[in-house]
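Peer 1: Just a sequence and a predicted model for now, questions to come.
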Amino acid sequence: MAFPFTSTSPKFSITYVLGTTNTLTFTDLITTGYSSFTGYSAMKGLFQITDPDGIIVYQSTGFDLITPVWTSPDISTSGSVWSKTGVTLPLDSSGIVKRGIYIFEYLVSINGGTSFVRTIDSVTLRSKEYNFQYYPPEVVITYYIDYLAAELTSDDDTDTVVTISGVEYTPTSDVRAHLIKEPLGSGFSPTPGSTTDETRVIGGGSTSETQLWPGTWQTSITHTLVYSLATWNSYTWILINDVASGYKPIPVTSDNCGCVLSQCYTNLIQRWYDAEGGSKKNAWDLRVKAIAATAYWSEYQNARNCGEDTSIPCNKLKAILASEDCSCGGDSDTAPHAIVPYSGSGSTTIICSSFNFGYGIGDPSGGSDSDMYLQGVSLTEQWIWRNIGGTWTRLFNMVGAQGLPGVAGADGANGKTIVSAWGPIATSAGTLETTFDVQYIDTSESQDCAYYCANVILGLNDNGKTIKLYLGDTIILQYFTDKLISEDNKCIKMEAWVTNVEDASVIVETAINGTLPTAAPVALIAKDNSFTLTGQNSIASAGDISWLNTRIEYLNHITRV
């Protein structure tokens, strides 16, 4: 028979252990408190779990709501066994734990099985339910590479707050593992390993063991999480233990192009400076090269600082600097090497010269030895300065004296345009062919080209209409339609190009409304001839076709492509 406890009713907790485990832990929450119940001698517990599809996913040996058998209980005072771990959770078709309502039933005996009580809060209530709707947080990894400082920053931007049925839950425990692995073959030492830090910075040191190395760095972040989701009186009875993890490869690129070309660039600037006191032409040529090299140098630095491909600006620099006796060899070095910071201190730190720009009459200040400065004062004053031993020296004005006037070019050939008399001229109320316009053309010289263009308006009906363009007695272009004409399709443009290819023949190309016909250009005899445009109604209705105007242009040896 079933009997009620005289004090606190039995209670239990359910822990969903997710991640790679996907199991469930059932724990009795009263434990030693059973000794306060009347008739207590030996506590035993049996339970059953049903999944959202109504399938029993676990049942204690001997579990029965009417006549349970207590010989092999999962929970008992014998050995203080208060939990059952490793209960396999059901998975859906995508391999994740089924979501929905789980039913938990628990039977407890406090006198070794002679009599028992059904939990939850009264004798008559047999089960407790929980609607499992948990979705794990997504691990978000962001990174930034500062090539000037030679540092890699890895950030964990994961939001571990989860929302279940409209309620937000913050984890009661969140242990982070932020692992960074150096590239294979690098000299970085020791291995960065794992920390609990949200943000990690790698590199930026002054020795090869602590500098940033090129290659693929590997960042992985895991969060070991515990969520307390539901309470039962004073107890938390639904918990979720989960491990959220994410991985991101971080490619770090580098080359030693800047170091190899730096001296070549310095040599070019020095030659430009030296030439200003001698050959003006040589100085101008070097000035143009220096300006172009400065632009590509800036492009190279920007690409390097942003982690982009530096090969294009590097090759452009090589092409310019190689002409000044600089071979630029070794820039494709593939041996492992650290990325050296461009500022700071340390035995391997390099402080590179810079080329700066400014506007105004004030002298430049600050900077380092060999730095260059372009000072824009006006359109006629663009001064170049150089830092020599810490002192800025003005070298020369980039804007030279006014040059000699250039030689006037030959006159271009004049084109010729003929526009015929304007219409409109419309077809009469009959079906005979009506001549709208006749224009004579002269393509007497080889490669002369005449362009013909006529515009025609069609009546707003579905009567048959034919437009023909003749060259002499030959029809070179014909258009027919019996479709219903509207404001959108009433305009027709007839075009032809006639090109003289030899003494006695021409090539003709045509188009209707800008569309070329599928047939090949037509070769015709008789190079000098007339264009004739006609219209013909299929039904004796006046005004079905109206000619507006014609234009002819001589293109003078320009062939149409």
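Peer 2: Alright, I've got the coordinates. Numbering: from 1, shown residues only.

Peer 1: Mind jotting down where the helices sit in the stretch 51-200 of the chain?
Peer 2: Here the stretch 51-200 of the chain has no helices by DSSP state H, counting those that start in this stretch.

Peer 1: got it, and the stretch 301-450 of the chain?
Peer 2: Under DSSP H, counting those that start in this stretch, the stretch 301-450 of the chain gives helices at 311-322.

Peer 1: remind me which residues of it are low pLDDT?
Peer 2: Along the stretch 301-450 of the chain, the parts satisfying pLDDT under 70 run over 304-307, 322-353, 409-421, 444-447.

Peer 1: Next secondary structure element downstream of the stretch of helix or strand residue 221 belongs to?
Peer 2: Taking DSSP states H and E as the criterion, residue 221 maps to strand 215-232. Toward the C-terminal end, the helix or strand that comes next after strand 215-232 (DSSP H and E) is strand 235-252.

Peer 1: Just the CA atoms of that following strand, as CSV, please.
Peer 2: The C-alpha trace of strand 235-252 is given here as CSV (Å, rounded to 0.1, in the frame of the first residue of the first chain):
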residue,chain,number,x,y,z
TYR,A,235,15.4,23.1,-4.4
THR,A,236,16.9,23.6,-7.9
TRP,A,237,15.7,20.5,-9.6
ILE,A,238,16.5,21.1,-13.3
LEU,A,239,20.2,21.8,-14.2
ILE,A,240,22.1,21.8,-17.5
ASN,A,241,25.8,21.1,-17.7
ASP,A,242,27.1,21.9,-21.2
VAL,A,243,30.3,22.6,-23.0
ALA,A,244,30.2,25.2,-25.8
SER,A,245,33.2,25.3,-28.1
GLY,A,246,34.5,27.1,-31.2
TYR,A,247,37.6,27.1,-33.4
LYS,A,248,39.0,29.7,-35.8
PRO,A,249,42.3,29.5,-37.8
ILE,A,250,44.0,32.9,-38.0
PRO,A,251,46.3,33.3,-41.0
VAL,A,252,49.2,35.7,-40.3
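
Peer 1: Flag every buried residue along stretch 432-444.
Peer 2: Of all the residues in stretch 432-444, those buried under the rule 16 or more other C-beta atoms under 10 Å are 434, 436, 437, 439, 441, 443. Placement of C-beta: from N, CA and C, glycine included.

Peer 1: follow-up on the earlier one: tell me the strands beside the strand holding residue 221, with direction?
Peer 2: strand 173-181 (antiparallel), strand 235-252 (antiparallel) (DSSP bridges).

Peer 1: List the contacts of the residue nearest to residue 197 when sequence neighbours are not counted.
Peer 2: Excluding the flanking residues, the one nearest residue 197 by C-beta to C-beta, 6 or more residues apart in numbering is residue 178, at 5.6 Å. Residue 178 is in contact with 154, 156, 194, 195, 196, 197, 198, 200, 219, 221, counting by C-beta atoms under 8 Å, 6 or more residues apart in numbering.

Peer 1: which residues does the first one contact?
Peer 2: Looking back up the chat, that one is residue 154. 141, 142, 143, 178, 180, 199, 200, 201, 202, 219, 250.
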